[in-house]
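Undergrad: sequence unknown, structure follows:
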């Protein structure tokens, strides 16, 4: 998830900040939650003297973006939530088979599972690497904390507090965060539209960026 000035839309893919435990932000001070990560984002915007921002969050970033829009509504002008979940009782969780594949003790098997869950075979046949599989320099503790942050997210009873115009995006074949989560989120935000990418998996916004990104930019520019 990245905070952006409206005038910086051309630089959208390259702007953001490092969550705790990632990149150049190595702090492991807690407790960590999507709400605490949202407060971090609010502090970044304040330090940059950005009074309001367009916010685009994918996956766990989408969970953080929900909390930013809920708890800091004055900061969020427009909101895009992609391949994410409301958490709590509204969430449709990934299957036990997916959990098993992601927990495989063989590192190469886990990587193959991630590729399959994020991308279609067509993408995998022509690409060798993806930037969506996390920060390999994260400590084991930070990785565990991030997994806990995602698992404990619950905005299910607070989504109605989001006042920013919102666009919800999802891939129809997402097994990491099933597509039913998109409609669950959209049904509870008053000013919201939904776009589903046919055949898209968890990394649909990357694989199908030629069609997804223009929709995002058009929405944020409206």
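TA: Looks like it arrived, so ask away. In this text the structure is predicted, and so the values were computed from the model without any measurement. Numbers count the residues shown, from 1 in each chain.
Undergrad: In contact with residue 81, which residues?
TA: Contact analysis of residue 81 by Cβ atoms under 8 Å, 6 or more residues apart in numbering lists 57, 62, 65, 66, 166, 167, 168, 169, 185. In short, each C-beta sits where N, CA and C put it, glycine included.
Undergrad: Could you rerun that using 10 Å?
TA: Residue 81 sits next to 1, 55-59, 61-63, 65-66, 69, 159, 162, 166-170, 181-182, 185-186, 189, 192, 194 when contact means Cβ atoms under 10 Å, 6 or more residues apart in numbering.
Undergrad: measure it to residue 106 for me?
TA: Applying Cβ to Cβ, to the nearest Å, the value for residue 81 to residue 106 is 33 Å.
Undergrad: quick one: pLDDT of the spatially most central residue of the chain?
TA: Central residue of the chain (Cα atoms, centre = their mean): residue 58, 2.0 Å from the mean position. Looking at residue 58, its pLDDT is 96.
Undergrad: Excluding covalently adjacent residues, which one is nearest to residue 90?
TA: Excluding the flanking residues, the one nearest residue 90 by Cβ to Cβ, 6 or more residues apart in numbering is residue 156, at 4.1 Å.
Undergrad: Neighbours of the one you found, how many?
TA: Residue 156: 16 surrounding residues under other Cβ atoms under 10 Å.
Undergrad: For stretch 51-65, buried residues please.
TA: Neighbour-count burial for stretch 51-65 flags 52-65 (criterion: 16 or more other Cβ atoms under 10 Å).
Undergrad: let me redo that: stretch 114-131
TA: 114, 115, 116, 117, 118, 119, 120, 123, 130.
Undergrad: who does the helix or strand containing the second one touch, helix- and strand-wise?
TA: Taking DSSP states H and E as the criterion, residue 115 maps to helix 107-118. Helices and strands in packing contact with helix 107-118 are listed as helix 96-102, helix 121-124, helix 204-207; criterion 3 or more Cβ pairs under 10 Å, 6 or more residues apart in numbering; DSSP states H and E.
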